[in-house]
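S.K.: Here is the input, now give the coordinates:
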Amino acid sequence: MHDDSAMVEGRIARFVRERLVPATYMERVPLDVTAWTAPGEPVPFDHALRQRFGPLPAGTAWGRPWGTVWFHLTGPVPPGWEHAEVLVDLGFSGAQPGFQAEGLVYASDGTVLSGIEPYRRHVPVTGPSVDLYVEAAANPDLSGGWEFAPTPLGDPATAGDAPLYRLGAVDVARLDPRVWELVQDVWTLRGLLGELPRDTPRRAEVLRALERMVDAVDPHDVSGTAAGGRALLAPVLAAPAHASAHRVHAVGHAHLDSAWLWPVRETVRKVARTVANVLSLMDADAGFTFAMSSAQQFAWLAQDQPALFARLRERVAEGRFVPVGGMWVESDTNLPGGEALTRQFVTGGRWFREHLGVECAEAWLPDSFGYSGNLPQIMAAAGARWFLTQKLSWNETDTMPHHSFEWEGIDGTRVFTHFPPVDTYGAELSGAELARASRRFAEKGRANTSLAPFGWSDGGGGPTREMLAAAARTRDLEGSPRVTLSTPSAFHSAARAEYPRPPVWSGEMYLEFHRGTYTSQARTKRGNRRSEHLLREAELWAATATVRTGVPYPADALRRCWETVLLQQFHDILPGTSIAWVHQEAERRYAEVAATLESVIAEALAALTGPGDDPITVNAGPYPRSGVPALGSARLPRPGPANPATRDDGSVVLDDGQVRAVVDRRGLLVSLVARGREVIPPGAAANLLQVHRDTPTSWDAWDLDEHHRRTVHDLVDLDSLTVDGGTVRVVRSVGASRITQAITLHDGAVDVVTEVDWHERQKLLKLAFPLDVHAERAASEIQFGHVFRPTHANTSWDAARFETCAHRWVHVGEPGFGVAIANDATYGHDIGRSTRPDGGTTTTVRLSLLRAPLFPDPSADQGTHRFAVGIRPGASVPDAVAEGYRLNLPLRTVTGGRDVEPLVSVDHPGVVVEAVKLAEDGSGDVVVRLYEAFGGRATAVVTAAFPHARVVETDLHERPVPAPVAQDGDRLELRPFRIATLRFRSPRFVT
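M.R.: Okay, the predicted model is just below:
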């Protein structure tokens, strides 16, 4: 037989496009449309209802960027119509749902009915007439076809007022269920056809069945012949899947970015639209379940749409609407500090328990940009038994070897982890997606089950009725995986049962992509770092003041600050990949947080130190400094820096008796001697600012491509070098930017404070420190510990890790000698090793200070910035830990009449106090979080200097665990990098 399959497929495609889809609705009648434009920010339904609406016919332009227009839709439903629906075209484009106009539909009494999206334009009608309101959002499409071109639309100040959309048809229409079902049959079978091998009998069977359907359905009477067409397809749809077919647990989902190419205030509305869609689908399909993460998004809904939230709670109680993840938001996991990452789970978990009565058994981060090596321990301590992500499918170079496995953290904790092989968090359950899941699943022969999150995502929207139809048709279909509508917990139980001994991946899961997220939007990152440390100080001093003086603990103020900081750790805010609006708002809110926390700190310290005029130095850090005890105070002057000495050649010498540093006439560090050893390699210079061209192939704010290394300009020319007291001040210019550095030396560390007025575009500013150290690996601080990464590029995995994330410090060394480099606001680093002509080895540490990407924020990083870096030669890893705290928790001086005795103390330097606070439940119990910081076993005595009934060890939610510390003074045993949370019971609440 001649092979005419290509011609037949073309005929089928045209028939579907021109005949079947247009026949889905038998009749349409236009509705009357009036409109009112909100003059500013969005308003509630009751407010809009009171406004004067005017006519707005189809074809009329509407909606300035980010504006809101309320449409009122009215008209009769023709008598005798069954399956009537209102169809609304807001002027949709071909862009993905969630990246353009969208709306929320209300009944005339204010009841929320559903969202309106490009692929969900319908609203069911039950009565004889239509009387609906649509709150329509004129959100611009900033994706721009993913060409990454600069756009002014991300900032209301530059977006303009020109209308973005033109209203399309707004009709009441009569759905033809027979044709609609036929369209779904054909969609599934055509998807299957595209994946079956061309030489298989099954493919030929499906193709000829579709061909017979086209023959049977009369193009002039599609409605009357659709049933016959379906009957011809029924046998191929009924053929069961192979016994060995891959099993897919399809979980309804709508990954909804808490901010990205839209502001936070728009996400609040996106949540309502998505939830309304989901609840509407649940009303129509009793088998449909849906998983939604982020307690913050539930909280927004409860506040802004309480009636809709009440309906959601009913579905949660039924087990059909499933809160997942247990976190406040789907945060980044590279950049947040350790305590902040725990608070994502503490704050999110508490909200879910109190408002929905649920405990989340999993962590759910499908789209974050890599995963910290200590995340397994944090997840497990929060009660998570398994973890889901798919982001590492985006790796540029290497493919992760597993889809279901145990992930082992740096302390040894293991958590069952799943990467959906469908390689998306927003599937449509198409034939191509399902075939991909089956084909790529790496555990074949040992396991055969995967999860597929389905539903429009990123901008929300969620599943559609068409996706549910696809799930139904692939439940047991020859040539396809078996698809079951499921829940995350059902998947986890099945996956664990069939794979009791999965492989293990140990350590961080580095995303070989989006490396620029460690650096983009430096002010947002500084705001986060400063907020995290101010929160530590505020909780410490407030808890100490409450215990010691009885002043009220400012729990509400602290909670609000934490919620703000946690929201802004969302994986498109803190990484610096959102529009200008988002980052401008983030900077404002960080300033508000700082003002609140400084007030809390000042009030607590005033209560603790009492009246008086004595200067008192307080230390919120975990290590004594300059005679001031950890977590306490002393009446000692703060030491000043070493006095510089200028030499005849214009260089400046700094010497404090421990370290001798020489800054040459170019403002570069050309000598650094500690313990009798020169740290700067021969002929090299440190404190070297370097500018690279930074033009990624795509994803501008996200990506830092390897090719940036090939173009570099060293900033060795200067405008001036002056000595001001104990400070060497260096001023440079590059392009339209000005850079000022203040260099000081005290207590064995060189501090470099760099202030930049940055006006470059698509440039990367790095600060380099070449060191005469043969380092096989570099230690980089992460949450509650550190990881070692090789300084070579032996493997593709090593080579792809050319830019890495570190928190407060990095350390490079060889046996007996090392160098610690700390920072107060920088995350991006690259650390490499080279061999000199003299045979020696140079290890170079470079900190990425600034970028200037043009998309999605063309003004990214413009303006003023401040970075502090500390270099401590002759340092060990324990010294690096202390240096990180020194630079990020500067001593404070207040006036008062008495010292502050530390609330708790620890007798082992490797056991670090990370948080001191009062318990979340308001009991007055004191909670202390500690961790082993050096990477070895530690036995420590934790001493509480306040009355308490007993001490117990708890999980992150402050609930006892089966490893209690019986009483004050008992020894605490910690394995490397272990986190321990101790709860000191208040005597008032213990019987």
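S.K.: and the residue most central in space within the chain, what is it in contact with?
M.R.: The centre of the chain sits closest to residue 571, judged by C-alpha atoms, centre = their mean, with a distance of 2.0 Å. Residues in contact with residue 571 (C-beta atoms under 8 Å, 6 or more residues apart in numbering) are 257, 330, 331, 332, 365, 367, 368, 369. Every residue, glycine included, has its C-beta placed from N, CA and C.
S.K.: next one: residue 107
M.R.: With C-beta under 8 Å, 6+ apart, residue 107 has these contacts: 113, 131, 132, 133.
S.K.: what's the most distant pair in those?
M.R.: Greatest spacing in these, by C-beta to C-beta: 113 and 131 (11.5 Å).
S.K.: Looking at those two now, which is surrounded by more residues?
M.R.: residue 113 (19 against 13; other C-beta atoms under 10 Å).
S.K.: Residue 120 is in contact with the more buried one, correct?
M.R.: No - using C-beta atoms under 8 Å, residue 113 is not in contact with residue 120, being 11.7 Å away.
S.K.: Just the buried residues of stretch 78-97, please?
M.R.: 81, 84-92, 95-97 (16 or more other C-beta atoms under 10 Å).
S.K.: Between its first and last residues, what's the separation in that stretch?
M.R.: 31 Å (C-alpha to C-alpha, to the nearest Å).
S.K.: next one: stretch 367-378
M.R.: Terminal-residue distance, stretch 367-378 (C-alpha to C-alpha): 18 Å.
S.K.: neighbours around the closest residue to residue 136 other than its chain neighbours, how many?
M.R.: Nearest residue to residue 136, sequence neighbours excluded (C-beta to C-beta, 6 or more residues apart in numbering): residue 103, at 4.2 Å. Residue 103: 23 surrounding residues under other C-beta under 10 Å.
S.K.: give the contact list for residue 103.
M.R.: 71, 88, 90, 115, 116, 134, 135, 136, 137, 273.
S.K.: Which of those residues fall within strands?
M.R.: 71, 88, 115, 116, 134, 135, 136, 137 (DSSP state E).
S.K.: got a list of what the second one touches?
M.R.: Under the criterion of C-beta under 8 Å, 6+ apart, the contact list for residue 88 reads 71, 73, 103, 105, 116, 121, 123, 134, 170.
S.K.: Kindly report the same for the fourth one.
M.R.: Contacts here follow C-beta under 8 Å, 6+ apart; on that basis residue 116 touches 88, 90, 102, 103, 104, 105, 123, 134, 136, 273.
S.K.: Quick check: pLDDT value at it.
M.R.: Looking at residue 116, its pLDDT stands at 97.
S.K.: And residue 638, by the same measure?
M.R.: pLDDT at residue 638 comes out at 80.
S.K.: Make sure it is actually in contact with residue 747.
M.R.: No - taking C-beta under 8 Å as the definition, residue 638 is not a contact partner of residue 747, at 11.0 Å.
S.K.: Overlap in contacts, the two.
M.R.: residue 626.
S.K.: coming back round to it: could the contacts of residue 103 be laid out in TSV, adding distance to residue 504?
M.R.: Output for the contacts of residue 103, formatted as TSV (distance: C-beta to C-beta, whole Å):
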residue	distance to residue 504
71	55
88	51
90	50
115	42
116	47
134	52
135	50
136	51
137	46
273	41
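S.K.: Of the residues you listed, which is the nearest to residue 724?
M.R.: The closest of the contacts of residue 103, once distances to residue 724 are taken by C-beta to C-beta, is residue 137, at 53.7 Å.
S.K.: residue contacts, that closest one?
M.R.: Contacts of residue 137 (C-beta under 8 Å, 6+ apart): 42, 63, 66, 67, 68, 101, 102, 103, 266, 269.
S.K.: so who does residue 296 touch?
M.R.: So residue 296 contacts 258, 328, 329, 348, 563, 566, 567 (C-beta under 8 Å, 6+ apart).
S.K.: Next one: the first one from residue 642, what distance?
M.R.: Spelled out, that is residue 258. 47 Å (C-beta to C-beta, to the nearest Å).
S.K.: So for those two, which residue has more residues nearby?
M.R.: Neighbours were counted for residue 258 and for residue 642 using other C-beta under 10 Å; residue 258 has more, 27 against 21.
S.K.: which SS class is that one?
M.R.: Residue 258 falls in the coil class when you classify it by DSSP: H, G, I helix; E, B strand; the rest coil.
S.K.: And residue 11, by the same measure?
M.R.: Classified using three-state DSSP, residue 11 is helix.
S.K.: From residue 276, how far out is the residue lying closest to residue 133 once chain neighbours are set aside?
M.R.: Computed as C-beta to C-beta, 6+ apart, the closest residue to residue 133 that is not its neighbour in sequence is residue 106, at 4.5 Å. For residue 106, the distance to residue 276 equals 10 Å [C-beta to C-beta].
S.K.: Among the two, which residue is more densely surrounded?
M.R.: residue 276 (25 against 21).
S.K.: hang on, that one packs against residue 115?
M.R.: Yes - contact status for residue 276 versus residue 115: in contact at 5.3 Å, counting by C-beta under 8 Å.
S.K.: shared neighbours of these two, anything?
M.R.: 104, 105.
S.K.: thinking again about what came up before, now the contacts of residue 116 as a markdown table including distance to residue 828 and pLDDT?
M.R.: Output for these, formatted as a markdown table (distance: C-beta to C-beta, whole Å; pLDDT from 0 to 100):
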| residue | distance to residue 828 | pLDDT |
| --- | --- | --- |
| 88 | 45 | 98 |
| 90 | 41 | 98 |
| 102 | 35 | 98 |
| 103 | 40 | 98 |
| 104 | 40 | 98 |
| 105 | 45 | 98 |
| 123 | 48 | 97 |
| 134 | 44 | 98 |
| 136 | 41 | 98 |
| 273 | 36 | 98 |
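S.K.: can you put those in a markdown table and add distance to residue 496?
M.R.: As requested, those are arranged in a markdown table below (distance: C-beta to C-beta, whole Å):
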| residue | distance to residue 496 |
| --- | --- |
| 88 | 44 |
| 90 | 45 |
| 102 | 38 |
| 103 | 42 |
| 104 | 39 |
| 105 | 41 |
| 123 | 41 |
| 134 | 45 |
| 136 | 45 |
| 273 | 35 |
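S.K.: Check those residues against residue 199 and report the nearest one.
M.R.: Nearest member of the contacts of residue 116 to residue 199, counting by C-beta to C-beta, is residue 102, at 44.6 Å.
S.K.: What part of this structure, helix or strand, is modelled with the least confidence?
M.R.: Lowest on mean pLDDT, DSSP states H and E among the helices and strands of the chain sits strand 971-974, with a mean of 91.
S.K.: Would you mind pulling up the elements that it packs against?
M.R.: Counting contacts by 3 or more C-beta pairs under 8 Å, 6 or more residues apart in numbering; DSSP states H and E, strand 971-974 is packed against strand 926-932, strand 938-944, strand 979-984.
S.K.: ok, and for stretch 404-416, which residues are buried?
M.R.: Neighbour-count burial for stretch 404-416 [16+ other C-beta under 10 Å]: 404, 405, 406, 407, 408, 409, 410, 411, 413, 414, 415, 416.
S.K.: chain center to stretch 301-319: distance?
M.R.: Centroid displacement of stretch 301-319 relative to its chain, using C-alpha atoms, centre = their mean, to the nearest Å, is 25 Å.
S.K.: Over to stretch 547-555?
M.R.: That offset, for stretch 547-555, works out to 34 Å (C-alpha atoms, centre = their mean).
S.K.: hmm, who's touching it?
M.R.: Residues from elsewhere that reach stretch 547-555 (C-beta under 8 Å, 6+ apart): 538, 542-543, 545-546, 600, 603-604, 607-608, 901, 903, 918, 922, 924, 926, 946.
S.K.: Could you do stretch 61-71 as well?
M.R.: With C-beta under 8 Å, 6+ apart, stretch 61-71 has contacts from 33-38, 41-43, 48, 51, 53, 56, 88, 91, 101, 103, 133-140, 153, 156, 159-167, 170, 263, 266.
S.K.: Report the buried members of those residues.
M.R.: Buried, going by 16+ other C-beta under 10 Å: 33, 35-37, 42-43, 48, 53, 56, 88, 91, 101, 103, 133-140, 153, 156, 159, 163-165, 167, 170, 263, 266, out of these.
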